[in-house]
Every structure is written in C-alpha cells, then in structure tokens.
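Student: Pasting a predicted model and its sequence here:
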Amino acid sequence: MAKWGMVIDLDKCTACQACVIACQAENNVPNSDPEAAGTGRSIHWMEMLPIVEEEYPHLRMRLMPRPCMHCEKPPCIKVCPVNATQIGSEGIVGQINARCIGCRYCTTACPYTVKYFNWYKPEWPAVMENHLNPDVQVRYIGVVEKCIFCHHRLQKARDLARYEGREMGPNDYIPACAQTCPAEAIYFGDLENPKSSVAILSKSKRAFHLLEDLGTHPKVTYLSEGV
Amino acid sequence: MDLKKTFEQDEEVLLRPVREVNRNYYITVGILSLIVAWAFFAYFYQLKRGLGVTGLNRPVYWGFYITNFVFFIGISHAGTLISAILRIAQAEWRRAITRSAEVITVMVIFFGVASILMDLGRPDRIFNIIESGRFQSPLLWDVTSITCYLTASTVYLYLPLIPDIAIMRDKVNKRKWLYNVLSLGWTGTPRQFKRLELVISVMAILVIPVAVSVHTVVSFVFAMTVQPMWHSAIFGPYFVVGAIYSGIAALIIAMALIRWVYKLDNYLRDIHFTNLGLLLFVMTLLWTYFTFSEYLTTFYGAEPTHMAVFWSKFSGEYMLEFWGMIVCCFVIPVIFLSNRKLRTMTGMVISSFAITIGMWLERFIIVVPTLANPRLPYERGAYHPSWVELSLLAGCFAFFILLYVLFTKFFPIVSIWEIQEGRQHAVSEVAERVRTYLPDAHTEEGEAQAFSREQVETARP
C-alpha cells in the first residue's frame, strides 16, 4: 500500500507563494478579507511559515511553505470526539466536514496549528463563484478544515488508471501545490516505493522534519538550505 | 419548650420563603430575566452569524466559553462533594448547609454544559457525539462523566428533599399537585426514614468518585494534548483542588445571601461560616501549593516553548490576569482567613468573592496563553472577547442565580427534617459516639467513660 509523502527543498524554494494560491484555487478555500486576515481568521491550507533568525542588525527572515504534516501519529485524530478526522490506509489525514461538530479540539491539539476553522460562511467575489472546483466540496460554516494532500486528485487518478487498465504511475497523482511550484521545490510521491523521488530525498542528509521530537512522524520532509 | 413546638417553629421559619413573596423578589427575578433574555438574543445572533461574532481566532481557538465551562464545572463541586464528605464524616454542623450546597451543583452544571454548546461551531450536530462518538477523545470522557455527575447530583439533591416536600404538601397551600407528586407518598414512618437514610448514605459514597472524576477529565481535555503548559501530570489533582476551592467560595456567598435575604441567622449560624471559612483557608493553601509546584517546575525546566507561555503569563500580555489571580486566590484569602480578627462574615464574603473572580481568571490563564503561543513561529495570537461572549458570561451567571432564587421559592433551602432530626437524635447520638472514643473505666459505682460537668466539678480537689 502506498504512503503518500512530500519533500520540500528549501534550497530551491523562492517563497513566491504560488503553492499557497494554487492550493486556495484548487480546494475552494474562500478568499479572506482584510478584516478576517487582521483577526487571524483567514484560511490557508498551505501557508508560509515566517522564521526570523538572529537579531537586528543581522536579521535574517525565511519563509517555509507549510502544508499539513500528515503525521503518521497525528495528535489531532486522537482527540476528535466524533471521528471526523482520521488517518487513511495510505497515510493521508482526512477531515470529514459533514460530521465535524466544530468543537475545535483538533485545532488546539495540533502542535503545528495547521487546522483551520470556518468562522464565517464561505464567500467568493461574484466573478469567482462560477469557477469553483467541482471536485472539492465547499465547506460549511462552523467546521474545521485542513490540507488533505488534494485527496480528490488521488481518487481521480486511480479511476483514470483503472479505466485505462493500467497501474497508477508516479506522476498520476500530485497535489496542486507541488504541480504549481515554478522552482520545482516540492516533490510528492509514495514513500513506500524505494525508487520514488520522495523516498530517496527524505533519506537525504539535508532532510529534517518540523517538531521532530514530538514523535508525530510527519510525512512532510524538509531539505535544509545552504548545505 | 417541648419538641413539637420547636418543630413547628422550624417549619414556620424555614417555609416562610416558600410561602411569602415580596416586591424585592419580583425585582430580582425581573432584572435577572432581562439579563438572561439579552444573553439569549446574543446566542441567537451567534447562531445565525457563526462563531465569527466572537473574539476567537487562529491560534486562540478556545476562549471565554471554554473558560466558563471549566469554571462552572468547578463551582459545581461546591455542593455534592462537600455535602457528601460532611455526611460521611458525620459532621453534625452539616445539617443546615447541605441543601444550599447541593442546589449549587445541580443548577451550575447546566451552565457548564451550555458553555460547551455555545462553543460548538455546529451545535445542530451535537448528537453526532452519540452517533459517532469515539472514546479515545477526552471530550467524550467529559460527556460521560458530566452526565453521570448531573444525574447522581440530581438524585442526591432530590432524596433528602422528599420529607421536606411532604411537609410542604401538608402545610403549604400552594402548588399542592406538584408537592403531591414529588413527595412520592411520603408519610414519615420509621421504616421510610430508615430506607431513605440508607439510600442517602449510599449516594453520598457514590457521588464522591464521580465528582473527582468530573474535574479530572475536564483537566484531561488540556493535559492529554502535547501543548506547552497543558501537557502536565499535575492537572488532574490541580483542577480538582481548584474546583473544590471555588466551590466552597461560591457556597459561602450563596449562604451569606440566603441568610441575609431570608433572615435565617438562627439557622445559618456564625459557626457554619467559621467552619467553612477554615475549610476555605485550607483549600487556599492547597491551591497555592499546586500553583507554585506547577509554575516552578515549568520555570526550572526552562523549555523554550513552555517558557514562551510562562513569560506571557508572568510578565507579558496576560500579566494582569495572572497577577490578578495571585492576588484574588492567594493574597486576599490568606489575609482574611488566616487571622481570627479578620475571619468575620464580611471578611469571608470578601475572600469568597475574590476567590470566585480569581478562579475564573485561573481558568482563563490556563486556556488562552497556551493557545496564543503555539510551538511554531507563527505570529503570536491575541484574544479579545466580543460583546457576544461577555453577554453570554453575564447571562450564565444571571440564569444560574435566577434558577437558585426560584429554587428557594419552591423548596426550603435549609433542610427542615434534618434540622428536626438533629434536635431529636443528634445530641444524644454524638454524646454516645464520643463515649465510645474514650477508654472504659471501672470504678466501685460501676462502669463509665464520660462524666457530667457537675461530677467533674465536685471531683476536683
């Protein structure tokens, strides 16, 4: 069985945020207005994590793309009272919007703070309303949502492969962020397949994970820059 | 004065609040109802617009509602637990105070539960908890434990009420049908009393572990996550101690108000308050000990993510709340309660108000700063409650007080039959009990353990 994972090469990343926008468009994430952004309520499944290194005057600012880590041992699924967030057999941590009661226990339990809550009814500018992605459900008000590695793309790829009577190839399933990245800094694939780029790169000497010491075993690996 | 006349006097005084209503009562109920109505409006506003009308955000996903939840569940420890312990310990001074304590528990739990409902993004899906409930989630432990506690506390409040309801059925010319149904055909035969006392003592033992479990699992909601300053083994007992602490404070305030409004000085006597005040002082010290242990351990370990939370409480954004808590829960109670001169009614009521405020701040200081300081270097969060959250806090308090006031108008707030039973049996029973503590003595006149005051006086050289 496949284990989907991601590798983000920080040496290649230019922090252009194309991944952030691609994710937003692919997954029908509502645009946030200045008010929502100012009060910390905008939703970004893929977000730039600002890291400030050293101090003034030798200040160094870095931005790291941060999707959901898709932990092998996710702290969020343990606490959900209604089974609305689960880890699938292929390692994708999913969110069942239709069952979520909006208690926000998973959002507080996630050490990476990657889960988002729908504070408002999702709204788009009129011109965009007819351009939503039909493959992705628009979320309700009052539920939690998160990056799901564009799970709908996996379903589509699998259906297509079955229809064409072949095995799924390594490039059949790729999330929007990885597909969009102009610097090709985001790799995506099956960690169980030893020949896949993610499996090889995640064993690189440059590889590290966010908050590794918490024992959550993230399936998003970073390659450190400047080595 | 014969026993019968005394009994009649007890019934007369203690049923007066049920029999008579005056203008002040209507004014109180009116004001409280207005606040409650306003809170309902605020809640429907939130229901319509979503949680965007609160001050919550990412990462401060929990704020006032969860604080209120922990606080109200804490207050609920006043009644059942204290009353059960006093009953089991055969503390004779309990007779006048158990009822007023037990009512607090039953009434306040509703607002703990309501706070959770207010916090839900989708309250319409609440039954998913039953349909797809997962027992790995500490929230489901809460649901189980609190439901159990509410049921047990209600039974534990109702059982000792039965003889009093029967008295009202016979002697109050109001709501006959209600008292008739609720008294379950009580006639006060010795057999009935024997059975009732057996059930009460079984319930008193049963509710203690349930009460302890309630606040333990409330703390587990926080302690089971890996978040800084939540993931702490001290949280279970720390929350239980805090709960009893705030509970006793709430009880003292309630009793002082009852005594003042219904002029029950003769029933809720100074000795009751003094005893509760001493208990409150012990809890002050215990709470301080837990708080000290918790913060010193964090400080000494000095893990950066924990220290970020620590400093935000100690000298950062939540400084006012943190030091407010220390003043309200430690400085003020210690000054008033440790000193016999200041441990007056006023002193105890001041301390109790301070503790109630301080314990609310403590819950806030536990919930918010941890969320505002996540592990990863995002922008630090800030939280400012909106008018909706403030209205609902006010509404919860007003509704609780309203229910309490209404209870005192439907049922005697001091247990009549337990006072009467005390007059009838307690003195001789206690004397008998004390006698069994003393070693047997054999003299020429016969066997004896204790002697009357006259015997002692004459025997002295």
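Tutor: Nice, I can see it. This is a predicted model, so every value here is computed, not measured.

Student: Skipping adjacent residues, who's closest to the residue of the stretch 101-250 of chain B found nearest chain A in space?
Tutor: Residue of the stretch 101-250 of chain B nearest chain A, by C-beta to the nearest C-beta: B:G121 (2.0 Å). (Each C-beta comes from the backbone N, C-alpha and C, glycine too.) Leaving aside its sequence neighbours, B:G121 sits nearest to A:G102 (C-beta to C-beta, 6 or more residues apart in numbering or on different chains; 2.0 Å).

Student: what do you get for A:P50?
Tutor: Excluding the flanking residues, the one nearest A:P50 by C-beta to C-beta, 6+ apart is A:L63, at 6.0 Å.

Student: what about that neighbour, how many neighbours?
Tutor: A:L63 has 16 neighbouring residues, counting by other C-beta atoms under 10 Å in any protein chain shown.

Student: Make sure I have this right: it is in a helix.
Tutor: No. Under DSSP: H, G, I helix; E, B strand; the rest coil, A:L63 falls outside any helix and is assigned strand.

Student: which ones are touching it?
Tutor: A:L63 makes contacts with A:C13, A:A15, A:M48, A:L49, A:P50, A:I51, as judged by C-beta atoms under 8 Å, 6 or more residues apart in numbering or on different chains.

Student: ok, now with 6 Å
Tutor: A:L63 sits next to A:A15, A:M48, A:P50 when contact means C-beta atoms under 6 Å, 6 or more residues apart in numbering or on different chains.

Student: which of the residues you listed count as buried?
Tutor: Buried members of those, scored by 16 or more other C-beta atoms under 10 Å in any protein chain shown, are A:A15, A:M48.

Student: quick check, nearest of the contacts of A:L63 to chain B?
Tutor: Nearest to chain B among the contacts of A:L63, with distances taken as C-beta to the nearest C-beta, is A:P50, at 6.6 Å.

Student: What mean pLDDT does the helix or strand hosting the closest one get?
Tutor: Assigned by DSSP states H and E, A:P50 falls within strand A:47-53. The average pLDDT for strand A:47-53 rounds to 87.

Student: cool, and stretch B:152-163?
Tutor: 92.

Student: Buried residues of the one helix or strand B:A204 maps to, list them for me.
Tutor: Using DSSP H and E, B:A204 sits in helix B:190-223. Under the neighbour-count criterion of 16+ other C-beta under 10 Å, helix B:190-223 has B:192, B:196, B:200, B:203-204, B:207-208, B:210-223 buried.

Student: Which ones, among the residues you listed, also lie beside chain A?
Tutor: Among the buried residues of helix B:190-223, no residue sits close to chain A (C-beta under 6 Å from any C-beta of the partner chain).

Student: just to revisit the earlier point, counting contacts, what elements does the next helix-or-strand element following the helix holding B:A204 pack onto?
Tutor: Next helix or strand after helix B:190-223 toward the C-terminus (DSSP H and E): helix B:235-261. If you count contacts as 3 or more C-beta pairs under 6 Å, 6 or more residues apart in numbering or on different chains; DSSP states H and E, helix B:235-261 packs onto helix B:64-75, helix B:98-119, helix B:190-223, helix B:270-301, helix B:345-372.

Student: Adding mean pLDDT and distance to A:W119, write those out as CSV.
Tutor: Shown next, in CSV, are the helices and strands packed on helix B:235-261 (pLDDT from 0 to 100; distance: least, C-beta to C-beta, whole Å):
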stretch, mean pLDDT, distance to A:W119
helix B:64-75, 94, 14
helix B:98-119, 92, 13
helix B:190-223, 92, 22
helix B:270-301, 93, 31
helix B:345-372, 94, 15
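
Student: Up against chain B, what does chain A have?
Tutor: Residues of chain A lying near chain B (C-beta under 6 Å from any C-beta): A:39-41, A:51, A:75, A:78-83, A:99, A:101-105, A:107-109, A:111-113, A:119-120, A:141-143, A:211, A:214.

Student: taking these one by one, which sit in strands?
Tutor: Among these, DSSP state E puts A:I51 in strands.

Student: Can you tell me which of the residues of chain A next to chain B are buried?
Tutor: Here, 16+ other C-beta under 10 Å leaves A:39-41, A:75, A:78-83, A:99, A:101-105, A:107-109, A:111-113, A:119-120, A:141-143, A:211, A:214 buried among the residues of chain A next to chain B.
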